[in-house]
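Novice: whatever this is, show me its structure:
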Amino acid sequence: MKMQEKYKRLVKLLFSLVLTGLIVTIYAFVWTDYFNERMLQAPFFRRGNWMMVFLYGVLLVFFMKMYGGYKVGYLKKGNLIYSQILSVVFLNGFTYFQIAVLDKRFFAPTVIVIMTALDAAAIVVWTLVFECIYAWMYPPRKMLMVYGDRSDYHLMEKMNAREDKYEIRDMMSYKEGFQAFCGRVKNFDGVIIGDMPSHDRNLILKYCFDEGIRTYAVPKISDILMRSSDELTLFDSPLLLSRNNGLSIEQEFVKRTMDVVLSLAAAVITLPFFAVIGAAIKLTDGGPVFYKQVRLTKDGKKFDIYKFRTMIQNAEAVSGARLASEKDPRILPVGRLLRATRLDELPQIYNILKGDMSIVGPRPERPELAKEIEKEIPEFSYRLKVKAGLTGYAQVYGKYNTTSYDKLKLDLTYIRNYSVLLDLKLILMTPKIMFMKESTEGVKE
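Specialist: Model (predicted):
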């Protein structure tokens, strides 16, 4: 097993190279035998053709890296194929308009659609074949889970959902003692370290490092703050500097400028969506199209958030403030579609223009729900170091029903690692999660 681990990166690289080669080859034939032959403007010759194919390959790698199309052995099989096909759909759409600009006219989209279908077929066949080979070469790891005081049930549930990668063979509490851990761990391929006191966790981490045992540790809030600190070498003892001020003035200026420019463009582009969605909601029960609710943003400031109404009128008159559940009877039929695609959040474009929100940031919480969460997790207010966002790190990498504690960690990861490039990446990642059910499903009953 350890010998095979040395070559895992090479095996994954082989998968990526073959997949890229297949898709680029399909495009090369379509470009040279169809589009280039029908160019009314000056057609391309040998070097020009190679340049077009090379450019397509570069963009393919970009989209695949962005949406996780190369993450074999990391993403679930269905998610991996979905990421690859989504990458190809966006790329081929871009390529269609690129060719239209070159030839100053639009071709019939039939060939691009057929090419995309061939790409999808190649993706499905190659990925399924390689997944079988990969599963044979790298069977699930036999794991020991050491749980702490805070419930690690959600973590165990998530790990068990990836039975292709992990197999939790045994569990123990850290309270059983370090010696008991040492006696049991050598029969396993790795250790899952839950949320436990730092002293006990450090003993386990150092022992596993010394013995070469793989560890998967649940980070504490302090870990996220520490690992995003700056290293200082002013003295002969290394120091970590944590400024703890949120975004700098320059970062806030750039972020606000990007918010205004992009939200203005989005307000124009989405006008047809507003008309269609508004009519659908109005025809459902004759009630108001928009829904207004108090939420929290930077420094605990309250504001009215705008959304398309997805529930019956006065939905909380009886139930009070609570998160929507998976089969919530209060949700309208058209509301289920809007929630599944997150189109119910489109009106928040105008919250961004007003300055209450940003395009990227922590999900805006309701004051009453935030107050309840802070009773158990006082650090939950740390998310308010920046403006709330339409999309964000927790929205992209988490789910709607991700625990509040895990959402806090994801949001802190974003705040502590903020950059314009990270914002752009999260914006580009958002279309992927819009159509993933697991990203929009409600909380358990």
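Novice: give me every residue that touches residue 89.
Specialist: Taking C-beta atoms under 8 Å, 6 or more residues apart in numbering, we find residue 89 in contact with residue 116. To be clear about C-beta, it is placed using only N, CA and C from the backbone, and glycine gets the same treatment.
Novice: ugh, typo on my part, it should be residue 81
Specialist: With C-beta under 8 Å, 6+ apart, residue 81 has these contacts: 123, 124, 127.
Novice: check residue 69 too.
Specialist: By C-beta under 8 Å, 6+ apart, residue 69 lies in contact with 19, 63, 80, 83, 84, 87.
Novice: how about it, nearest residue that isn't a chain neighbour?
Specialist: Nearest non-adjacent residue to residue 69, counting by C-beta to C-beta, 6 or more residues apart in numbering: residue 84, 4.1 Å away.
Novice: show the average pLDDT along the host helix or strand of that neighbour.
Specialist: Element membership of residue 84 [criterion: DSSP states H and E] is helix 77-103. Averaging pLDDT along helix 77-103 gives 93.
Novice: tilt between the helix or strand just after that helix and helix 77-103?
Specialist: Elements were assigned by DSSP H and E; along the chain past helix 77-103, the next helix or strand is helix 110-137. Interaxial angle of helix 110-137 relative to helix 77-103 (axes from the mean of the first three to the mean of the last three C-alpha atoms, to 10 degrees): 150 degrees.
Novice: which parts of stretch 99-106 are buried?
Specialist: For stretch 99-106, the neighbour count (16 or more other C-beta atoms under 10 Å) marks 99, 103 as buried.
Novice: can you list contacts of that stretch?
Specialist: The contact list for stretch 99-106 (C-beta under 8 Å, 6+ apart) reads 35, 39, 40, 41, 107.
Novice: and those residues, which two are the farthest apart?
Specialist: For the contacts of stretch 99-106, the maximum inter-member distance is 12.6 Å, found between 41 and 107 (C-beta to C-beta).
Novice: got the contact list for the closest residue to residue 294 other than its chain neighbours?
Specialist: Nearest residue to residue 294, sequence neighbours excluded (C-beta to C-beta, 6+ apart): residue 302, at 5.4 Å. Residues near residue 302 by C-beta under 8 Å, 6+ apart: 294, 295, 296, 367.
Novice: and which of those residues is nearest to residue 266?
Specialist: residue 295 (19.5 Å).
Novice: from residue 395, how far off is residue 420?
Specialist: 18 Å (C-beta to C-beta, to the nearest Å).
Novice: and the contacts of residue 302 as a markdown table, adding secondary structure, neighbour count and distance to residue 218?
Specialist: Shown next, in a markdown table, are these (DSSP: H, G, I helix; E, B strand; the rest coil; neighbours: other C-beta atoms under 10 Å; distance: C-beta to C-beta, whole Å):
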| residue | secondary structure | neighbour count | distance to residue 218 |
| --- | --- | --- | --- |
| 294 | strand | 12 | 33 |
| 295 | strand | 23 | 29 |
| 296 | strand | 22 | 26 |
| 367 | helix | 13 | 29 |
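Novice: helices of the stretch 251-400 of the chain, residue ranges please.
Specialist: Listed in chain order, the helices of the stretch 251-400 of the chain (DSSP state H, counting those that start in this stretch) span 271-285, 316-319, 333-341, 348-354, 367-376, 393-397.
Novice: go through these and name the closest to residue 197.
Specialist: Here helix 367-376 is closest among those (C-beta to C-beta), at 18.1 Å.
Novice: ok, and what's touching the closest one?
Specialist: With C-beta under 8 Å, 6+ apart, helix 367-376 has contacts from 294, 295, 296, 302, 321, 323, 365, 380, 381, 404.
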